[in-house]
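Novice: next come a sequence and a model predicted from it.
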Amino acid sequence: MIDKIPIAGVVAVTIKKPDGTIVHVGERQNTINLEVKKKCAQGLLSAQANIGIMETSFANDTFTSPTVGSSGIVIYAGTSYYEMDTISIADSSGVGFTIVSRIRASASYTITKAYLGNSWNGTSNKFDTDYSDVTTNISLSNGYQLDLTWTVRIADA
């Protein structure tokens, strides 16, 4: 018998309006990129399991350009990239992790893509290690708060 350990992910989208109303937009499947698969393989080969998502986490929730060298979730809106404040990261029994990030809008934005990774590279506008991404169509207005709960796990086939 051949065992398989595919990597899968899902992004849960929640918007909080200024009046306190919470809108659960739903969940979307996302891609798992080759870089994270390579990191997992390297980790297994060298007996290291840490893939670095906690390494210098993003800390701004105000549509700020991503901090070079930091890790977590970056969103793309219009023609710009923005970091999301990392609220929490939890281990999933050694088979994955869940990261919760937040951003608050002070103007109108339409978010078309979200990225998860390690060490943002300001020159190439991508992560040095790109874990996963998801295509979205999320509209935020002034005062809205966007929470993303991103889970990546190694699951049985």
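Specialist: All right, it came through fine.
Novice: drop to CA atoms for contacts and neighbour counts, all remaining ones
Specialist: OK.
Novice: what packs against the lengthiest strand in the chain?
Specialist: Longest strand of the chain, by residue count under DSSP state E: strand 126-140. The contact analysis (3 or more C-alpha pairs under 8 Å, 6 or more residues apart in numbering; DSSP states H and E) places strand 126-140 against strand 7-16, strand 31-32, helix 34-46, strand 109-121.
Novice: quick one: the shortest one to chain centroid distance?
Specialist: Here strand 31-32 shows a centroid-to-chain-centroid distance of 11 Å under the convention C-alpha atoms, centre = their mean, to the nearest Å.
Novice: could you give the mean pLDDT of it?
Specialist: For strand 31-32, mean pLDDT is 78.
Novice: what pairs with that strand, and is each one parallel or antiparallel?
Specialist: If you go by DSSP bridges, strand 31-32 pairs up with strand 126-140 (antiparallel).
Novice: other residues contacting the partner strand?
Specialist: 9, 11, 15, 28-36, 71, 105, 107-121, 146 (C-alpha atoms under 8 Å, 6 or more residues apart in numbering).
Novice: can you get me a residue count around Val23?
Specialist: Val23 is flanked by 12 other residues according to other C-alpha atoms under 10 Å.
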